[in-house]
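Engineer: Turn this into a model:
(one chain, ligands or ions: 1)
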Amino acid sequence: MQNKEIRFASRPSGMPTLENFLIQDAAMPQPQEGEVLLRTRYISVDPYLRGRMREGKSYIAPFEVGQVIVSGAVGEVLESKDPGFKAGDTVVSGALPWSLYATAKGATLQKINPSLAPVSTALGVLGMPGLTGYFGLLDIGQPKPGETVVVSGAAGAVGMVVCQIAKLKGCRAVGIAGGEDKTAYLLNELGVDAAINYKTAEGYKSVNELRKELSAACPKGVDIYFDNVGGDISDAVMPLIAPGARIAICGQISVYNLEQADVGLRPQPYLLVNSALMKGFIITQYMSQFGKGIAEMAQWLAEGKLKNAETVVEGFENTPLAFIGLFKGENLGKQIVKI
Ligand code: NAP
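Structural biologist: Okay, the predicted model is just below:
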């Protein structure tokens, strides 16, 4: 068995490139007492990893240049020195190395029940992104029947869950995504009430054009804005918020590759005159409630009330490409790498 790993070779400037990653052979790890040996099956590539590639203070420490990259992954236990696990178990963790084989402390792993749903869903709809959509919308958004929910990044891992829970709660759901294939998916598969493509054949719609389309899609204004993207899309949404609106700042992917601060419409006047709330959140703050969220979403999934989409890239060596693809909108639903 030859192990391989992917190291963080250099800090990107702007859009990450393959040169920021180094794929190499690695020693086979040996499990110690309390640890298991894993064969990696699926790797999750996530936008927040871009933040870890940048130096400076954030809610999570930056990667050191030269270290093996770490992210969410699903693995199969090959050998166990933790009595809670046995060979053949499938497990998930939010922090496993980008390597074919890895050791991990049993205490850091959750067992997956493969009869519940495909195991890759533990990285998507029944994992961190799904939970982000669930708690961000339900806790910060507080959706009520008849309200209008606008979702940016609507056809991604978090966004698709938000759109569907908004519908389950009796809201009008309006999704914004980049491409006709994505808006068709939102309308035809997820049943949103309106879907807006923020791109054109040549580039991007202007803020004014986007706002016009959004205004037509939200005749009573925007009660909840679930923001995955920021930038021009948020500038288009803010003047349309309704009195008492709630704005959940989940992500700002449009600025993750910028080297300078993004300057746009200042949101304060719209918050003020609408007595609106804008709140950022990091999903780990809901950790004590994850079990409840997963149980409810697993039930919706089993009942066909929640649909799931994944974009699967095959091959360990393609992990950096899959990650870079997130910033080009190459994924519909959750982007994962199958090893
Ligand atoms: P995702 O939406 O599955 O994938 C990223 C998507 O972002 C792409 O498919 C692309 O879709 C869109 N995008 C990329 N560059 C863009 C740009 N410049 N302008 C507009 N859209 C762009 O990723 P995800 O995992 O579900 O994450 C979505 C957001 O939530 C990210 O901002 C992420 O950082 C955030 N997040 C936050 C938390 C938290 O705890 N707060 C947890 C998980 C994720 P289009 O084709 O539509 O452009």
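Engineer: tell me the SS of the residue nearest to residue 98 when sequence neighbours are not counted?
Structural biologist: The shortest distance from residue 98 to any non-neighbouring residue, by C-beta to C-beta, 6 or more residues apart in numbering, is to residue 6 (4.0 Å). Glycine gets a C-beta too; all of them are placed from N, C-alpha and C. Recorded secondary structure, residue 6: strand (DSSP: H, G, I helix; E, B strand; the rest coil).
Engineer: ditto for residue 72
Structural biologist: strand.
Engineer: So what pairs up with the residue of the stretch 101-250 of the chain found nearest the ligand in the strands?
Structural biologist: Closest to the ligand within the stretch 101-250 of the chain is residue 156: 1.8 Å, counting by C-beta to the nearest ligand atom. Here residue 156 sits in beta bridges with residue 333, as judged by DSSP bridges.
Engineer: For it, give me its contacts.
Structural biologist: 129, 177, 228, 331, 333-334 (C-beta atoms under 8 Å, 6 or more residues apart in numbering).
Engineer: circling back: please look at the residue nearest to residue 98 and residue 69 and confirm they touch.
Structural biologist: Yes. Here residue 6 reaches residue 69: they are 5.6 Å apart, a contact under C-beta atoms under 8 Å.
Engineer: quick one: the strands in the stretch 51-200 of the chain?
Structural biologist: For the stretch 51-200 of the chain, the strands defined by DSSP state E, counting those that start in this stretch cover 70-80, 90-97, 101-105, 110-111, 148-152, 172-177, 194-197.
Engineer: Pull up the residues of the stretch 1-150 of the chain that are close to the ligand.
Structural biologist: 46-48, 129, 132 (C-beta under 6 Å from any ligand atom).
Engineer: Also the stretch 151-300 of the chain?
Structural biologist: Taking C-beta under 6 Å from any ligand atom as the criterion, the stretch 151-300 of the chain approaches the ligand at residues 153, 155-159, 177-179, 182, 228-229, 231, 250-254, 281-283.
Engineer: that older thread, distance check, the residue nearest to residue 98 against the ligand.
Structural biologist: Using C-beta to the nearest ligand atom, to the nearest Å, one gets 19 Å for the distance from residue 6 to the ligand.
Engineer: same question, residue 332
Structural biologist: 8 Å.
Engineer: Pull up the gap between that residue and residue 191, please.
Structural biologist: Relative to residue 191, residue 332 is positioned 16 Å away (C-beta to C-beta, to the nearest Å).
Engineer: What segments of the stretch 51-200 of the chain are helices?
Structural biologist: 128-135, 157-168, 180-188 (DSSP state H, counting those that start in this stretch).
Engineer: Give the other helices and strands that the first one contacts.
Structural biologist: When you say that, I think you mean helix 128-135. helix 157-168, helix 290-302 (3 or more C-beta pairs under 8 Å, 6 or more residues apart in numbering; DSSP states H and E).
Engineer: quick one, it and helix 290-302 angle?
Structural biologist: Between the axes of helix 128-135 and helix 290-302, defined by axes from the mean of the first three to the mean of the last three C-alpha atoms, to 10 degrees, the angle is 100 degrees.
Engineer: Could you pull up the residues touching residue 62?
Structural biologist: By C-beta under 8 Å, 6+ apart, the neighbours of residue 62 are 51-56.
Engineer: Now rank those by neighbours and give me the top one.
Structural biologist: Ranked by the number of neighbours (other C-beta atoms under 10 Å), these place residue 53 first, at 19 neighbours.
Engineer: Could you report the distance from that one to residue 71?
Structural biologist: 12 Å.
Engineer: returning to what we had before: okay, and the common contacts of residue 6 and residue 69?
Structural biologist: 21, 98.
Engineer: And the residue of the stretch 101-250 of the chain closest to the ligand, how close does it get to residue 263?
Structural biologist: Residue 156 is 25 Å from residue 263, by C-beta to C-beta.
Engineer: again, but for residue 76
Structural biologist: On the measure of C-beta to C-beta, residue 76 and residue 263 end up 48 Å apart.
Engineer: got any ranges where this structure has weak pLDDT?
Structural biologist: Counting by pLDDT under 70, the chain contains no low-confidence segment.
Engineer: which one of the helices and strands packed on helix 128-135 has the most crowded surroundings?
Structural biologist: Highest mean neighbour count of these: helix 157-168, a mean of 27 (counted as mean count of other C-beta atoms under 10 Å).
Engineer: And that one, what does it pack against?
Structural biologist: helix 128-135, strand 148-152, strand 172-177, strand 222-227, helix 290-302.
Engineer: what sits up against that helix?
Structural biologist: Outside helix 157-168, the residues touching it (C-beta under 8 Å, 6+ apart) are 124-125, 129-130, 132-134, 136-138, 143, 149, 151-154, 172-173, 175, 177, 186, 190-192, 224, 226, 228, 250-251, 297, 300, 305-309, 331, 333-335.
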